[in-house]
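*Asks:* give me the fold of what follows.
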Amino acid sequence: MKSADQDFTVAWAKGLLKGAGLRSTAARVAVIQQLGRIGTPVSHAEVVECLRDFGFDQSTIFRCLQELSDAGLVIRLDLGDQVRRFELRTTEGDQELNHPHFMCVDCGTLSCLEEFTFSLSPSRGPRRNKIGEITEVLLKGHCGNCLAKQ
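*Replies:* Numbering: from 1, shown residues only. Modelled structure (predicted):
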């Protein structure tokens, strides 16, 4: 859906919305552009702060994030810290598992692990089917900045 040299233009955002069957509203276009520029999962509050100067209220941005998530353009991440984060989908199709993430347990920084290889192999037998479908992989640990401070 996006490339490393993407400009995240209005035309690009409108194309994504049209492809998903959504109307191109100013708020939706702004949210998609902002998520594309940031490139990592962000909270609703962070998107509100980034778009503060555009005059969108927080409920409009929240609705946009929900609609974009429902349409499959944005992935909604629940990482167990009571903060829902949103990230522009970088893969085509229905694949929910986009890429793993790393969360620092000290400072809370969240990083995408797109350049890492990760393999999860379930054991054989009936337990394999009981687990269901994995939709998110989150690794927790200490980031380089926090380790350097110790």
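*Asks:* how about the strands of the chain, start to end?
*Replies:* Ranges of strands within the chain are 42-43, 74-78, 84-88, 101-104, 110-112, 138-141, based on DSSP state E.
*Asks:* quick one, which of the ones you listed gets closest to residue 32.
*Replies:* Residue 32 lies closest, by C-beta to C-beta, to one member of the strands of the chain: strand 84-88, at 6.8 Å. (C-beta placed from N, C-alpha, C; glycine too.)
*Asks:* want to try TSV for the strands of the chain, with distance to residue 58, mean neighbour count and mean pLDDT as columns?
*Replies:* Output for the strands of the chain, formatted as TSV (distance: least, C-beta to C-beta, whole Å; neighbours: other C-beta atoms under 10 Å; pLDDT from 0 to 100):
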stretch	distance to residue 58	mean neighbour count	mean pLDDT
strand 42-43	11	18	91
strand 74-78	17	19	85
strand 84-88	13	22	90
strand 101-104	24	18	80
strand 110-112	21	18	77
strand 138-141	26	12	80
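*Asks:* got a list of what residue 25 touches?
*Replies:* Residues in contact with residue 25 (C-beta atoms under 8 Å, 6 or more residues apart in numbering) are residue 64.
*Asks:* find me the pLDDT at it, would you?
*Replies:* For residue 25, the model assigns a pLDDT of 96.
*Asks:* from residue 34, how far off is the spatially most central residue of the chain?
*Replies:* Nearest residue to the geometric centre of the chain (C-alpha atoms, centre = their mean): residue 87, 1.6 Å. Distance from residue 87 to residue 34, counting by C-beta to C-beta, to the nearest Å: 12 Å.
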